[in-house]
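Next one to model:
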Amino acid sequence: MKSKHTYVVLIDLPEALPFELPMIKTDPTNIGELNQKTEKSEKALFKFIEKLEKEFGEEFSFIGEDVIGEKFYKRFLFPKGGFLEVMYQTPAALIAHFIEKDRAENFSKSLKKIIDKTVDEDKVKMILKNLVEVNTEEEDSLTYDKWTKLTKIRSMTLE
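As a prediction, the model looks like this:
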């Protein structure tokens, strides 16, 4: 059975969200640094989520985390239906899924307000807010494959 849903996507291309975890090569010599940066990133993510909860008017429930490949995911459940998935390793991405389009639109507005409150630079705020998209299931969504391609493109430009 196919059900329609609407989702909100933000990919942090300017790498300006406060919880973004930079890519770090994993080897035994930098495990401590990786753990410190991961812990700092997770704390910043949960602060960001708290602000988003207040703005959206719902208290989210943390439902778990995954590491798939090199990507770190955190997931949150909305009490009135839907869920949020956050990939917080560079480039960070937020994907919120809803059945009702108006809830997705409200979430999008809330997310843009939180960007205004948490990002300092005006130009970057504008870019991030313009990257927030509301889509339906018929449109292309952010898939693991697309995110992987973006990450590869990004790593090629840093070399």
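
just the helices in this structure please.
31-56, 101-118, 122-131, 144-158 (DSSP state H).

got TSV for those, with mean pLDDT and distance to Pro91 too?
Using the backbone N, CA and C atoms, a C-beta is placed for each residue, glycine as well. Output for the helices of the chain, formatted as TSV (pLDDT from 0 to 100; distance: least, Cβ to Cβ, whole Å):
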stretch	mean pLDDT	distance to Pro91
helix 31-56	89	13
helix 101-118	96	15
helix 122-131	94	10
helix 144-158	67	6
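
Minimum distance to Pro22: which of these has it?
Closest to Pro22 of the helices of the chain is helix 31-56 (Cβ to Cβ; 6.9 Å).

follow-up on the earlier one: out of the helices of the chain, deepest packed?
Mean neighbour count (mean count of other Cβ atoms under 10 Å) peaks for helix 101-118 among the helices of the chain, with a mean of 17.

just checking, what packs against that helix?
strand 6-11, helix 31-56, strand 93-98, helix 122-131, strand 133-136 (3 or more Cβ pairs under 8 Å, 6 or more residues apart in numbering; DSSP states H and E).

Just give me the residue closest to the centre of the chain.
What sits nearest the mean C-alpha location of the chain, by Cα atoms, centre = their mean, is Leu94, with 2.4 Å.

and that residue, what are its bridge partners?
With DSSP bridges applied, Leu94 shows beta-bridge pairing to Leu10, Val86.

Give me the pLDDT value at it.
According to the prediction, Leu94 has pLDDT 95.

hang on, the earlier thing: would a markdown table of the helices and strands packed on helix 101-118 with distance to Glu105 be doable?
What follows is the helices and strands packed on helix 101-118, written out as a markdown table (distance: least, Cβ to Cβ, whole Å):
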| stretch | distance to Glu105 |
| --- | --- |
| strand 6-11 | 8 |
| helix 31-56 | 12 |
| strand 93-98 | 9 |
| helix 122-131 | 14 |
| strand 133-136 | 6 |
